[in-house]
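below are the sequence and a predicted model; questions follow.
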Amino acid sequence: MINIRPFQNSDADALVEIYKRAVENIGPKAYNPEQVAVWANLLPNAERFAEIMNDGRVALVAVDADDRVVAFTDVEADGHIGFLYALPDVAGKG
């Protein structure tokens with residue numbers, strides 16, 4: 001069972017890992033190696049993720065039954081989605 005809840009600062013490390021694994025494992029299915037390399041270099045560290053997700057946007061995480069973060073997203077004030085990432089093993093499973 002997957003639940004959605006607001007981002008918490010303690011989730012920041014998980015966001016780093018999810019972003020990294022999504023870019024490395026899912027990215028090559030839609031992007032060429034050069035694009036994936038550029039995308040990978042944009043990886044925020046945990047502190048930066050906490051800043052971003054607390055800047056007033058709606059920041060949500062999807063968690064499994066053990067409250068392990070498996071995906072995350074955000075919606076900025078203007079409606080722009082900046083992040084929509086999932087662990088490869090849960091991506092595309094609804």
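Thanks, I have it. Residues are numbered from 1 along each chain as shown.

go through the longest helix anywhere in the chain and flag the buried ones.
Counting residues, the longest helix found in the chain (DSSP state H) is helix 12-25. Residues of helix 12-25 classed as buried: Ala12, Ala14, Leu15, Val16, Ile18, Tyr19, Arg21, Ala22, Val23 (neighbour count, 16 or more other CB atoms under 10 Å). C-beta: built from backbone N, CA, C; applies to glycine.

what angle sits between the helix or strand bottoming out on mean pLDDT in the chain and helix 12-25?
Ranked by mean pLDDT, DSSP states H and E, the weakest helix or strand in the chain is helix 33-41, scoring a mean of 94. Counting by axes from the mean of the first three to the mean of the last three CA atoms, to 10 degrees, helix 33-41 lies at 180 degrees to helix 12-25.

which neighbouring elements make contact with the very next helix or strand once past helix 33-41?
Downstream of helix 33-41, the first helix or strand assigned by DSSP states H and E is helix 46-53. Packing partners of helix 46-53 (3 or more CB pairs under 8 Å, 6 or more residues apart in numbering; DSSP states H and E): helix 12-25.

pull the helix it packs on out as PDB, backbone CA atoms only.
The C-alpha trace of helix 12-25 is given here as PDB (Å, rounded to 0.1, in the frame of the first residue of the first chain):
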ATOM      1  CA  ALA A  12      15.600  14.700   2.300                       C
ATOM      2  CA  ASP A  13      18.200  11.900   2.200                       C
ATOM      3  CA  ALA A  14      15.600   9.700   0.500                       C
ATOM      4  CA  LEU A  15      14.900  12.300  -2.100                       C
ATOM      5  CA  VAL A  16      18.600  12.300  -3.100                       C
ATOM      6  CA  GLU A  17      18.600   8.600  -3.500                       C
ATOM      7  CA  ILE A  18      15.400   8.500  -5.400                       C
ATOM      8  CA  TYR A  19      16.500  11.300  -7.800                       C
ATOM      9  CA  LYS A  20      19.800   9.500  -8.400                       C
ATOM     10  CA  ARG A  21      18.400   6.100  -9.100                       C
ATOM     11  CA  ALA A  22      15.600   7.500 -11.200                       C
ATOM     12  CA  VAL A  23      18.000   9.400 -13.400                       C
ATOM     13  CA  GLU A  24      20.400   6.500 -13.700                       C
ATOM     14  CA  ASN A  25      17.800   3.700 -14.300                       C
END
